[in-house]
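Engineer: Structure for the following, please:
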Amino acid sequence: MTKTRILLLLLLLASLFHVFGYFVLIKRIEPFIYFQYLIFWWTFIVGLDSLLWLKTGESRVLNRKLPYTILMSSAFWCIFEIINVRIANWFYINLPQEIEIRYLGYFFAYGTVIPGIMLLRDLFNLVFRIEIRREVLIIRNYPIYAISLGTTTFFLTLFFPEYFFPFTWIFLFLVMDGINYKKGYGSIFSEVEKGEYGNLVSTMISGFVCGILWEFWNYWAIAKWVYTVPFFDRLKVFEMPLLGYLGFSLFALEVLSFVNFIEGLGKERRKILILLAFIVFIVAFPLIDRYTVFSYRTKIDELYFLGKGKLEHLKSKRVMSSYGIDESFLTIEERQKMELLHLYGMGIENLKKLENHGINSIDELAMLDERNFSLITGEKNLRRVKIYLNTARRVKNSSRDF
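Structural biologist: Numbers count the residues shown, from 1 in each chain. Got it, this is the predicted structure:
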């Protein structure tokens, strides 16, 4: 079989599995529905890389460096997960209870970040041939200014996260691009100095498009992230506040500066980077579990409010969790508890806490104030508290309209 046919077959398989992801979503097929985000992203990456490979004769991702690329991408995003412990701008719901599955999920989900942005950048460069030339821009002592400004904004973010959290999506670019420029590695500003803006523009566009895909595929997922961004929590597109989409373009520059940095270090430093990556995982993954995960997926055996007969029937149908249950199979009381359990991934532990305080439905939850919900669930982040209470009130009001 020729190389072209192999790539065409790979492109076809990626496309079919991608469509399968939507079928899984619509039909709620377990256990695939819990991994649909990974299905969407990895089939997209494989398909896009195959397409670019056919056009250019070179693979960006599907080569011997793939494990290293996933490792670096995952470690890179973990930096922001660690920062999020402080700024608390997002949290996770409905994650697997099994730590090994959860950690593999972190690894491969975060492993899509760099490939996704870089492949889209290459696609835009190839299709639109983005070559923008403007006047030369000179900033003397650029590395000093960039690194100093990046470092300052980083500490402002840590010390005053409520107001300076947007700097999360620019500080690393300033620091790393300054270092890259000083060391003679690939640098966005070194291109700007020559009047070349094409790479800058295509990278920022790729970040924006990636952001739309991240949010679109996350919105329909069961295991997903939810934002708690201060001041911008009302006007949303999918889960992301509208203004937040601007941050994706800046984040893409951080990705590019990181890629330029590790490429500049070369193969001789690769072992050190791999070691550092594993150190980052050892720090980040437990922190994510401790501070960022709000709830875990509820297994069928944990649904204590269902009778034994119903549970046995569901097991015989190979239902694995609460999300695999047809709610028409439930009584009104059971359905009310199931709806409360699934409200933004409330989770079984929080359901039990609410039930112990006489709250068995979304309508009853909507009557709580923030202080009492926080005391009952032990959730100290009031932005998370507001999300659950506001959602409960919207559901309650919408049900009245009918």
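Engineer: So which residues of the chain form strands?
Structural biologist: Using DSSP state E, the strands of the chain run over 90-93, 224-227, 236-237, 240-241.
Engineer: Quick check: which of those strands is nearest to residue 6?
Structural biologist: strand 224-227 (34.5 Å; C-beta to C-beta). For the C-beta atoms, the positions are set from N, CA and C on the backbone; glycine is no exception.
Engineer: Which residue ranges of the stretch 151-300 of the chain form helices?
Structural biologist: For the stretch 151-300 of the chain, the helices identified by DSSP state H, counting those that start in this stretch occupy 161-164, 171-183, 188-193, 198-219, 245-265, 270-287, in order along the chain.
Engineer: right, and the ones you listed - which one's nearest residue 331?
Structural biologist: Comparing those by C-beta to C-beta, helix 198-219 comes nearest, at 30.1 Å.
Engineer: weakest of the strands of the chain by average pLDDT?
Structural biologist: Lowest mean pLDDT within those: strand 236-237, a mean of 84.
Engineer: and that one, how far out from the chain's middle?
Structural biologist: 16 Å (C-alpha atoms, centre = their mean, to the nearest Å).
Engineer: ok, back up a step: what would the helices of the stretch 151-300 of the chain look like in a markdown table with mean neighbour count?
Structural biologist: Formatted as a markdown table, the helices of the stretch 151-300 of the chain follow (neighbours: other C-beta atoms under 10 Å):
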| stretch | mean neighbour count |
| --- | --- |
| helix 161-164 | 14 |
| helix 171-183 | 22 |
| helix 188-193 | 17 |
| helix 198-219 | 19 |
| helix 245-265 | 21 |
| helix 270-287 | 14 |
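Engineer: hey, least reliable of these by pLDDT?
Structural biologist: helix 188-193 - the lowest mean pLDDT of those, at a mean of 90.
Engineer: what's the spacing between that helix and its chain's center?
Structural biologist: Centroid separation for helix 188-193 versus its chain: 30 Å, with C-alpha atoms, centre = their mean.
Engineer: Residues in contact with it: which ones?
Structural biologist: Helix 188-193 is contacted from outside by 136-139, 142, 146, 173, 177, 180-181, 197, 199-200, 203, 253, 256-257, using C-beta atoms under 8 Å, 6 or more residues apart in numbering.
Engineer: residue ranges with poor pLDDT in this protein?
Structural biologist: Residue ranges of the chain with pLDDT under 70: 1, 129-138, 232-233, 399-402.
Engineer: Identify each buried residue in the longest helix along it, please.
Structural biologist: Looking across the chain with DSSP state H, the single longest helix is helix 3-27. Neighbour counts over helix 3-27 (16 or more other C-beta atoms under 10 Å) mark 7, 10, 11, 14, 15, 17, 18, 21, 24, 25 as buried.
Engineer: Closest one of those to residue 317?
Structural biologist: For the buried residues of helix 3-27, the nearest to residue 317 is residue 24 (17.1 Å; C-beta to C-beta).
Engineer: need the contact list for residue 37.
Structural biologist: 109, 217, 218, 221, 223, 224.
Engineer: switch to 7 Å and redo it
Structural biologist: Residues in contact with residue 37 (C-beta atoms under 7 Å, 6 or more residues apart in numbering) are 109, 217, 218, 221.
Engineer: can you redo these as TSV with distance to residue 279?
Structural biologist: Shown next, in TSV, are these (distance: C-beta to C-beta, whole Å):
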residue	distance to residue 279
109	20
217	30
218	28
221	29
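Engineer: Hmm, residue 265 and residue 72 touching each other?
Structural biologist: No. The pair residue 72 / residue 265 is not scored as a contact, 10.9 Å apart, by C-beta atoms under 7 Å.
Engineer: Can you check which residues contact both of these two?
Structural biologist: In contact with both residue 72 and residue 265: residue 273, using C-beta under 7 Å, 6+ apart.
Engineer: Please name the residues that touch residue 12.
Structural biologist: Not one residue lies near residue 12 by C-beta under 7 Å, 6+ apart.
Engineer: mind checking how far it is from residue 197?
Structural biologist: Using C-beta to C-beta, to the nearest Å, residue 12 is found at 37 Å from residue 197.
Engineer: Show the residue spans covered by the helices in the stretch 1-150 of the chain.
Structural biologist: Under DSSP H, counting those that start in this stretch, the stretch 1-150 of the chain gives helices at 3-27, 36-56, 66-87, 99-110, 113-128, 142-159.
Engineer: so which of those helices gets nearest residue 239?
Structural biologist: helix 36-56 (12.3 Å).
Engineer: Report the distance from the closest one to the chain centre.
Structural biologist: The answer for helix 36-56 is 18 Å, by C-alpha atoms, centre = their mean.
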